[in-house]
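1. the sequence and its predicted three-dimensional model are supplied below.
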Amino acid sequence: MNATEEGTYYWRLHWKTDPGNASSTNYNTSVTWTFCVGHCDEGTTTPPVEEGGGDCVSVCLEAEPTNTSAVAGLAVGAMVRVGKFNMEVITVSGTGTTFSGNGKVTVPFLNDARIMVEFTGLKVNSDGRMVDGEVEGRHDWNAPSLTMITDAAHRIPSMSEADVEAMNGFIQDGARLVSLFSSGSEVGLPIGIDQEVDGRHVICGIINMKFDVNRAYLDMVAGIDVPEIHTTLAFGVGDLCFTPTGLGDEGRAYLPYDITVTGDLSTSFRFRGGASTELANLTYVDWDCHGFKCVQVAAAVEFDRGTLLPDGDTDPAGTEKVEARFKFQVCREASGSGSTATESWNVLAQFTMDPFEVPAAPDWLFTIEEAWLDWSLVSNPTGIEFPAGYDNPALNSEETADHGRVFSSSAWPCARRK
């Protein structure tokens, strides 16, 4: 584009669900920016952005207060503007212009819930706006294992699988699910944003909330059940900003560290965690103002040496294991957005695998030319063929033919005598 005509120009970025199709749905949208060519009116402002539309727009920051002079006196029942939110003072103590106490902050996108908060070092100007201090959500339950893992610019909340289960139980037993709130419910933390994703109930537990002078942000942990290997993966996202109308920015929830669990057939699954700008081999969930956007799982499967052996390694004292590596990503479909968006957990992942030997046939080397990890309940890999003589009643039923959850290959196995 050549901008040669004098005036103010506006621009913003759209992230497309299909990057090669300009007419596809936007799953995220940046704020609107301006630049000037020639002589421009200094009073020109950015056009207003409609919040709550189909796209996610970053609207987290409130303008810094110009009046920073704190005033004396703060009474119970007073309303204080905290960034984009309103806080009602419930108890207060302090002298001069600095106060501590308790309050409640109304958060419209959480069904107008009144989040119970504690404030310290609070200073308020003559406009009734906070100009200094800390306002944080009150904790009614704490996870004993909660730690904050810092990696580069990321802060990742991490807790044990047992604590994730305890948190979910506390949220559900205490009627702390946002979907169950009546308008104006008064509640401390944690609370849960629950979603149904293709039949799986996922609870995202908000464990911390903080309201600053010009920004509000939260820490959240989502426990996602993976019944195929009998485990729960706990993803964490820290410092995720939010506004009265919802989550204001896209976020990325990481698996904080590598997790190894035991699977079937003497296998162990190692899910790769951590935070990095190199995402190719990480496990994470992408989140925007509509909820889940994408989930990527990067993992390796190790086979017990009693089942498979690495090529040429038949030493009984050996420790090396045959490994298969796979990665898959499931994203919100382009057929909708917001509350109408659809998600899928129908996972077919192609994977690579080390050459291997079978202990009972040490003179043969096996390689995999094309293999799949099939956890789908709606389809099988294209062109799948079962070995001659393989007969299972489920394969003869239209309702269950696609329900197999297996390692499969178009050439299983490809073997040659060494």
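-> Done, it's in.
2. ranges for the strands of the stretch 201-350 of the chain?
-> Ranges of strands in the stretch 201-350 of the chain, per DSSP state E, counting those that start in this stretch, are 216-226, 231-243, 246-247, 251-254, 259-262, 267-271, 284-288, 291-303, 309-310, 322-331, 348-353.
3. residues in contact with Asn67?
-> 125-127, 129, 131 (C-beta atoms under 8 Å, 6 or more residues apart in numbering). From N, CA and C alone the C-beta is placed, and that goes for glycine too.
4. again, only this time at 6 Å
-> 125, 127 (C-beta atoms under 6 Å, 6 or more residues apart in numbering).
5. that one in helix, strand or coil?
-> Assigned with DSSP: H, G, I helix; E, B strand; the rest coil, Asn67 falls in the coil class.
6. distance of it relative to Gly73?
-> As for Asn67, its distance to Gly73 is 16 Å (criterion: C-beta to C-beta, to the nearest Å).
7. ok, back up a step: could you export the strands of the stretch 201-350 of the chain as CSV, including mean pLDDT, distance to Val107 and mean neighbour count?
-> Converted to CSV, those look like this (pLDDT from 0 to 100; distance: least, C-beta to C-beta, whole Å; neighbours: other C-beta atoms under 10 Å):
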stretch, mean pLDDT, distance to Val107, mean neighbour count
strand 216-226, 84, 9, 22
strand 231-243, 82, 8, 22
strand 246-247, 82, 10, 21
strand 251-254, 76, 17, 22
strand 259-262, 81, 32, 15
strand 267-271, 85, 33, 18
strand 284-288, 74, 17, 23
strand 291-303, 79, 16, 21
strand 309-310, 92, 55, 19
strand 322-331, 80, 28, 18
strand 348-353, 77, 38, 16
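8. a markdown table for these, including distance to Ser185?
-> Listed next are the strands of the stretch 201-350 of the chain as a markdown table, based on distance: least, C-beta to C-beta, whole Å:
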| stretch | distance to Ser185 |
| --- | --- |
| strand 216-226 | 17 |
| strand 231-243 | 17 |
| strand 246-247 | 18 |
| strand 251-254 | 25 |
| strand 259-262 | 35 |
| strand 267-271 | 36 |
| strand 284-288 | 23 |
| strand 291-303 | 21 |
| strand 309-310 | 58 |
| strand 322-331 | 33 |
| strand 348-353 | 41 |
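9. closest one to Val92 among those?
-> strand 216-226 (20.9 Å; C-beta to C-beta).
10. contacts for the closest one, please.
-> 83, 157, 164, 202, 204-210, 232-242.
11. quick one, it and strand 291-303 angle?
-> 40 degrees (axes from the mean of the first three to the mean of the last three C-alpha atoms, to 10 degrees).
12. kindly calculate the angle that strand 216-226 makes with strand 231-243.
-> Comparing the axes of strand 216-226 and strand 231-243 via the same axes, to 10 degrees yields an angle of 160 degrees.
13. using CSV, list the CA coordinates for strand 216-226.
-> Provided in CSV are the C-alpha atoms of strand 216-226 (Å, rounded to 0.1, in the frame of the first residue of the first chain):
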residue,chain,number,x,y,z
ALA,A,216,-6.3,-5.9,35.9
TYR,A,217,-4.9,-9.4,35.5
LEU,A,218,-5.3,-12.9,36.8
ASP,A,219,-3.6,-16.3,37.1
MET,A,220,-5.4,-19.3,36.0
VAL,A,221,-4.9,-23.1,36.0
ALA,A,222,-6.8,-25.4,33.7
GLY,A,223,-6.9,-29.2,34.4
ILE,A,224,-7.5,-31.1,31.2
ASP,A,225,-8.3,-34.8,31.7
VAL,A,226,-6.7,-37.2,29.3
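14. tell me the SS of Ala143?
-> Ala143 ends up coil, using three-state DSSP.
15. Arg155: neighbouring residues, count only.
-> 16 (other C-beta atoms under 10 Å).
16. dump the residue contacts of it.
-> Here Arg155 is in contact with 148, 238-239 (criterion: C-beta under 6 Å, 6+ apart).
17. quick one, helices of the protein?
-> If DSSP state H is used as the criterion, the helices of the chain fall at 161-173.
18. how is it divided into domains?
-> Recorded structural domains for the chain (assignment: automatic domain parsing) are 1-49, 79-137.
19. separation between the residue nearest to Gly121 when sequence neighbours are not counted and Thr66?
-> Nearest non-adjacent residue to Gly121, counting by C-beta to C-beta, 6 or more residues apart in numbering: Gly133, 4.2 Å away. Separation of Gly133 from Thr66 (C-beta to C-beta): 18 Å.
20. between the two, who's got more neighbours?
-> Gly133 (20 against 7).
21. shouldn't that one be in contact with Glu118?
-> No: look at Gly133 against Glu118 with C-beta atoms under 6 Å: they stay out of range, at 10.9 Å.
22. low-scoring pLDDT stretches of the stretch 51-200 of the chain, where are they?
-> Applying pLDDT under 70 to the stretch 51-200 of the chain flags the ranges 51-58, 151-154, 196-200.
23. go again using 50 as the cut-off
-> 51-54 (pLDDT under 50).
24. what about the strands in it?
-> 79-82, 85-95, 98-107, 113-124, 130-137, 147-151, 154-158, 186-187, 191-197, 200-211.
25. and these as JSON lines, adding distance to Ile384?
-> Shown next, in JSON lines, are those (distance: least, C-beta to C-beta, whole Å):
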{"stretch": "strand 79-82", "distance to Ile384": "57"}
{"stretch": "strand 85-95", "distance to Ile384": "54"}
{"stretch": "strand 98-107", "distance to Ile384": "49"}
{"stretch": "strand 113-124", "distance to Ile384": "49"}
{"stretch": "strand 130-137", "distance to Ile384": "50"}
{"stretch": "strand 147-151", "distance to Ile384": "40"}
{"stretch": "strand 154-158", "distance to Ile384": "38"}
{"stretch": "strand 186-187", "distance to Ile384": "50"}
{"stretch": "strand 191-197", "distance to Ile384": "26"}
{"stretch": "strand 200-211", "distance to Ile384": "25"}
